[in-house]
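A.B. asks: Model the structure of this input:
(2 chains)
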Amino acid sequence: MQRLRGAPPRYWLVVLAVIFLLGLPTVIDSFQTSEWAQALILAIAIMGLNILVGYSGQLSLGHGAFMALGAYISAILAHRYKVDYLLTIPVAALATGLVGFALGVPALRLSALYLALATFALAVVAPSVIKRPEDLTGGVQGILIRQPDPPPFASDAFSALTGTAMTTDQWIYYVSLACAIVLFWLAWNLVRHRPGRALRAIRDGEVAAAAFGVNVAGYKTLAFGISAFYAGAAGSLFGLAVGYISPDTFPVSLSIQLLVGAVIGGLASVPGPLLGAIVAYFLPIYASQWVPSQTWIPDQISSTVKNAGPAVSYGVLLILIMIFAPNGIVGLTTRGYDALSRRLRGAPDREAGHLPPDRQTV
Amino acid sequence: MQEFAQQVVSGIAIGGIFASLALALVLIYNAMGLVNFAQGEMAMLATFLAFALINRGMSYWIAFPLTLVLAFAGGIAIQRIVIKPVERAPVLTLVIVTLGLATLVNGIAGFIFGYVPRSFPSPFPPASLDIFGVFISWRDLGVIGVSGIVLLGVYLLLQRTTIGLTMRAAAHHPDASRLLGVQVSWMLALGWGLASAVGAVSGIMVAPILLLEPNMMQTIIIYAFAAAVLGGIESPLGAVIGGFVVGITVNLAGAYIPGVGGDLQLAVGFAIIIAVLVLRPNGLLGRAATRRV
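C.D. replies: Sure, this is the predicted structure:
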């Protein structure tokens, strides 16, 4: 009880967020549930990217390709070898993580700029490479994924609590949510402890970190592997949520979307990827729904806005955030919170000469 | 043998296009140590401008230089508005900003011109020239000629004029140049303008071969990356050589390696990038990177 009362406010925020996400499918319709499941899945992939970009300072623009790998491993296992799809998720995540770990070794030799370039090329090339082995990947047609019905224990518990039957979309949503909670918890533990400190030390000064005995090569490769693990899990879940994957499910713009989400939410923060994913996922959807509903905009314009809207809004957001708020939503919020609490306490830290350390860098 | 020679010639033609775009990348890399991910999209937008001008009835040979001037001004404007606020930021921030710029320009082009592929006129006749049994199309020759003139022009500008010298000085030793009265920030803007114009040439040259649409340069930029990396990303001459090597390699791989061809040619470009970065990260003509601690 004593510990509960002393818990910092962010613990209560976590509890609130989990309760909100648990209850959400009971108040929104099935289609929206599926959308939120995809947003959560995006959040998992963005968390992975965030570990790599935000904490270890390596830029990857190819995480869409890792998602594709995870999705295809799961789909092929489930489709050809009739493995239960849910069992394939950890397999896909681990396999993608291993591939990422292996790719992290040559990536060590590259500067941040070259790494960005190589991974961008990977994202561009991936769809056309996937198309080739048609027997395995189904070529351009892709693979249909059968979405599983909710198991008896879940649907019983759900109907006992809400009085309605559980739909497939809701089951997939809860599976995604469970994965997201576990993976976010793991990430939180990772960045708060020794590996997180080591990664940030490498990011802020590789030579200094090495001088302090941090295994630079080891941790950088590890970050790549973990990051790919998250992307693989997300890709696998994504296939499940959409019910169909093809090479065009994983275009370059997906990798950009992941980066947009990571940047909007706030790099090097744990809640950032969740917030970023929600904005990055719903912004283009609502923008493209809102514009055609406005009758004063001519049809021709609204149809182009529907196509070009996501690109324009992502581009503008990326540039504006990098210029004005490099720490994203989380950075803005903590800055506001700190300023407010300082004002409330009446403590002029700035004049006293000791500013509180920036949470995202320390 | 004749077929081989023919593949090499068309490889040189497409290589000239890669070389122009790679040169644009190198110009910006030299100015601020940054790979501009928006270079291809900027070239695409310039090509759309040329398309709009030609569609209004303007002659090709007036529209072409006019587009280059507009692209030059556009490059300067982009540097002033988008890049200058983050000039001193870490490279990660800069790369993300140029990616945002690429996405934005792509969206703007789609917004104004739509996503329907359009055919772009070529000023050169479709006929071919027969040289000892090797058929070389006038179009390939024209592309080679135009790229050659542009590359030579940039070389002369950078090496033989005062403004070129000032630009190079501002790029390599910004602090010393500032002490000598060079307006470094404007020199960087000039670099962006020049890169934008050179990139526009590649867009206008490639548009008759591919079809003009907002995603046209997405594959070309990968080949240009490969060319720039192969040549050593800070060497203009290296970028040009790299462009031709990549053009010829990709063309020959598409013709002679079974299974490669069509969109998998792009994988060859990717393989070149990876191979160079792993085996010889400084490229053919680049200097070994030194790191200041």
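
A.B. asks: B:Ala63 contacts B:Ala50, correct?
C.D. replies: Yes. If you go by C-beta atoms under 8 Å, B:Ala63 and B:Ala50 touch, sitting 5.3 Å apart. Where C-beta positions appear, they are placed from N, C-alpha and C, glycine not excepted.

A.B. asks: average pLDDT across stretch B:108-117?
C.D. replies: Averaged across stretch B:108-117, the pLDDT comes to 86.

A.B. asks: does that stretch come close to chain A?
C.D. replies: Yes. Residues of stretch B:108-117 contacting chain A under C-beta under 8 Å from any C-beta of the partner chain: B:108, B:110-111, B:114-115.

A.B. asks: circling back to that earlier point, who has more neighbours, B:Ala63 and B:Ala50?
C.D. replies: Per other C-beta atoms under 10 Å in any protein chain shown, whichever of B:Ala63 and B:Ala50 has more neighbours is B:Ala50, with 25 against 22.

A.B. asks: OK, contacts around the more buried one?
C.D. replies: By C-beta atoms under 8 Å, 6 or more residues apart in numbering or on different chains, the residues touching B:Ala50 are B:63-64, B:67, B:200, B:204.

A.B. asks: Dump those into TSV; add pLDDT and secondary structure as well.
C.D. replies: Formatted as TSV, those follow (pLDDT from 0 to 100; DSSP: H, G, I helix; E, B strand; the rest coil):
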residue	pLDDT	secondary structure
B:Ala63	91	helix
B:Phe64	91	helix
B:Thr67	94	helix
B:Ala200	93	helix
B:Ile204	91	helix
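
A.B. asks: Of these, which are in range of chain A?
C.D. replies: Okay, of those, nothing touches chain A (C-beta under 8 Å from any C-beta).

A.B. asks: Looking at the residues you listed, spot the one nearest B:Met1.
C.D. replies: The shortest approach to B:Met1 among the contacts of B:Ala50 belongs to B:Ile204, at 33.1 Å (C-beta to C-beta).

A.B. asks: my guess is that closest one meets B:Thr67, correct?
C.D. replies: Yes. B:Ile204 is within contact range of B:Thr67, at 6.7 Å (criterion: C-beta under 8 Å).

A.B. asks: Give the residues shared as contacts by the two.
C.D. replies: With C-beta under 8 Å, 6+ apart, B:Ile204 and B:Thr67 have common neighbours B:46-47, B:50.

A.B. asks: coming back round to it: narrow the residues of stretch B:108-117 next to chain A to just the buried residues.
C.D. replies: B:108, B:110-111, B:114 (16 or more other C-beta atoms under 10 Å in any protein chain shown).

A.B. asks: From chain B, how far off is the most centrally placed residue in chain A?
C.D. replies: The centre of chain A sits closest to A:Ile46, judged by C-alpha atoms, centre = their mean, with a distance of 2.2 Å. For A:Ile46, the distance to chain B equals 14 Å [C-beta to the nearest C-beta, to the nearest Å].

A.B. asks: In contact with that residue, which residues?
C.D. replies: A:Ile46 neighbours (C-beta under 8 Å, 6+ apart): A:258, A:261-262, A:265, A:273, A:276-277, A:280.

A.B. asks: Which one of B:Ile204 and B:Thr67 is surrounded by more residues?
C.D. replies: Using other C-beta under 10 Å, the more surrounded residue of B:Ile204 and B:Thr67 is B:Ile204, with 30 against 26.

A.B. asks: So which of the residues of stretch B:108-117 next to chain A belong to helices?
C.D. replies: B:108, B:110-111 (DSSP state H).

A.B. asks: Neighbour-wise, which one of the contacts of A:Ile46 leads?
C.D. replies: Counting by other C-beta under 10 Å, top hit in these: A:Pro273 with 35 neighbours.

A.B. asks: name the element that residue belongs to?
C.D. replies: helix A:272-293 (DSSP states H and E).

A.B. asks: what residue ranges in the stretch 151-293 of chain B are flagged as low confidence?
C.D. replies: B:261-262, B:288-293 (pLDDT under 70).

A.B. asks: if we can go back for a sec, would TSV of the contacts of A:Ile46 with distance to chain B and pLDDT be doable?
C.D. replies: Below are the contacts of A:Ile46 laid out as TSV (distance: C-beta to the nearest C-beta, whole Å; pLDDT from 0 to 100):
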residue	distance to chain B	pLDDT
A:Leu258	11	91
A:Gly261	12	89
A:Ala262	9	89
A:Gly265	13	87
A:Pro273	16	91
A:Gly276	13	91
A:Ala277	17	92
A:Ala280	12	87
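
A.B. asks: Skipping its backbone neighbours, what lies nearest residue 68 in space?
C.D. replies: In the absence of a named chain, this looks at chain A. Closest residue in space to A:Ala68, ignoring its immediate chain neighbours: A:Phe250 at 3.8 Å, by C-beta to C-beta, 6 or more residues apart in numbering or on different chains.

A.B. asks: wait, I meant chain B there
C.D. replies: Nearest to B:Leu68 is B:Ala197, by C-beta to C-beta, 6+ apart, at 4.6 Å.

A.B. asks: Quick one: the helices in the stretch 1-150 of chain B, in order.
C.D. replies: In the stretch 1-150 of chain B, helices defined by DSSP state H, counting those that start in this stretch lie at B:2-32, B:39-55, B:60-78, B:91-113, B:138-160, listed in chain order.

A.B. asks: got it, and the stretch 151-293 of chain B?
C.D. replies: Under DSSP H, counting those that start in this stretch, the stretch 151-293 of chain B gives helices at B:162-172, B:174-179, B:184-206, B:217-231, B:236-256, B:265-279.

A.B. asks: Determine if any part of the fifth one is in contact with chain A.
C.D. replies: If I follow you right, that is helix B:236-256. No. Judged by C-beta under 8 Å from any C-beta, helix B:236-256 makes no contact with chain A; its nearest approach is 12.4 Å.

A.B. asks: how big is the angle separating that helix from helix B:265-279?
C.D. replies: Helix B:236-256 runs at 130 degrees relative to helix B:265-279, counting by axes from the mean of the first three to the mean of the last three C-alpha atoms, to 10 degrees.

A.B. asks: What residues sit buried inside helix B:236-256?
C.D. replies: Here helix B:236-256 shows B:236, B:238-255 as buried, counting by 16+ other C-beta under 10 Å.

A.B. asks: and if you look at the third one?
C.D. replies: Neighbour-count burial for helix B:184-206, counted by 16+ other C-beta under 10 Å, picks out B:184, B:187-206.

A.B. asks: Now find how far off-centre it is within its chain.
C.D. replies: From the chain centre to the centre of helix B:184-206 is a distance of 9 Å (C-alpha atoms, centre = their mean, to the nearest Å).

A.B. asks: Pull the CA coordinates from stretch A:174-190 and hand them back as PDB.
C.D. replies: What follows is stretch A:174-190, C-alpha atoms only, in PDB (Å, rounded to 0.1, in the frame of the first residue of the first chain):
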ATOM      1  CA  TYR A 174      -6.600  -8.800 -27.800                       C
ATOM      2  CA  VAL A 175      -3.800 -11.000 -29.200                       C
ATOM      3  CA  SER A 176      -2.100  -7.900 -30.500                       C
ATOM      4  CA  LEU A 177      -2.600  -6.100 -27.300                       C
ATOM      5  CA  ALA A 178      -1.100  -8.900 -25.300                       C
ATOM      6  CA  CYS A 179       1.900  -9.000 -27.500                       C
ATOM      7  CA  ALA A 180       2.200  -5.200 -27.400                       C
ATOM      8  CA  ILE A 181       2.100  -5.100 -23.500                       C
ATOM      9  CA  VAL A 182       4.700  -7.900 -23.200                       C
ATOM     10  CA  LEU A 183       7.000  -6.300 -25.800                       C
ATOM     11  CA  PHE A 184       6.700  -2.800 -24.300                       C
ATOM     12  CA  TRP A 185       7.300  -4.100 -20.900                       C
ATOM     13  CA  LEU A 186      10.500  -5.900 -22.100                       C
ATOM     14  CA  ALA A 187      11.600  -2.700 -23.900                       C
ATOM     15  CA  TRP A 188      11.000  -0.700 -20.800                       C
ATOM     16  CA  ASN A 189      13.100  -3.100 -18.700                       C
ATOM     17  CA  LEU A 190      15.800  -3.100 -21.400                       C
END
